[in-house]
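A.B. asks: this one's structure only:
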């Protein structure tokens, strides 16, 4: 499997509900490093997984509405603990929608899977990994 990763970051605020979260139940900030890893079995005729510029733009566009936001105040996250793992899945779904809408051009339909990793620090991260196109070759 070939892969290409692009990286961006977001700065957010949020809080959690539940004793398991201890002091993180209070409002706190986080800076996440976000890695998007695009995978496919065969390279394009140009020798690419995806165009690195297009992948970078798509990731930046998906993250922009989250950057510098208090996630507790966003209607789409009402009643949710916006954990690292949850956010990885949410970002994956939004990137996948962009890929299906054509944001990566002809390379999008050829992708097999996408992995989103959010790093909270150098010692802790979470990820979401799933196939993109059922019929991808």
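C.D. replies: That came through, no problem. Note that the structure is predicted; figures quoted are calculated from it, not measured. Numbers count the residues shown, from 1 in each chain.
A.B. asks: does residue 128 sit in a helix, a strand or a coil?
C.D. replies: Classification of residue 128 using DSSP: H, G, I helix; E, B strand; the rest coil returns strand.
A.B. asks: Tell me where the protein has strands.
C.D. replies: Secondary structure of the chain (DSSP state E): strands at 2-14, 28-40, 69-70, 113-119, 125-131.
A.B. asks: hmm, who's touching the second one?
C.D. replies: For strand 28-40, the surrounding residues in contact (Cβ atoms under 8 Å, 6 or more residues apart in numbering) are 1-15, 49-50, 55, 59, 63, 84, 87, 91, 95, 104, 107, 110-120, 136. All C-beta atoms are positioned from the backbone trio N, CA, C, and that covers glycine.
A.B. asks: if we can go back for a sec, most packed of the strands of the chain?
C.D. replies: Burial of those is given as mean neighbour count (mean count of other Cβ atoms under 10 Å); strand 113-119 ranks first at a mean of 20.
A.B. asks: what bits of the chain have low per-residue confidence?
C.D. replies: 134-137 (pLDDT under 70).
A.B. asks: Can you point out the buried residues in the top helix by length along the chain?
C.D. replies: The residue-count maximum for a helix in the chain (DSSP state H) belongs to helix 84-100. By 16 or more other Cβ atoms under 10 Å, the buried positions in helix 84-100 come out as 84, 86-92, 94-96, 98-99.
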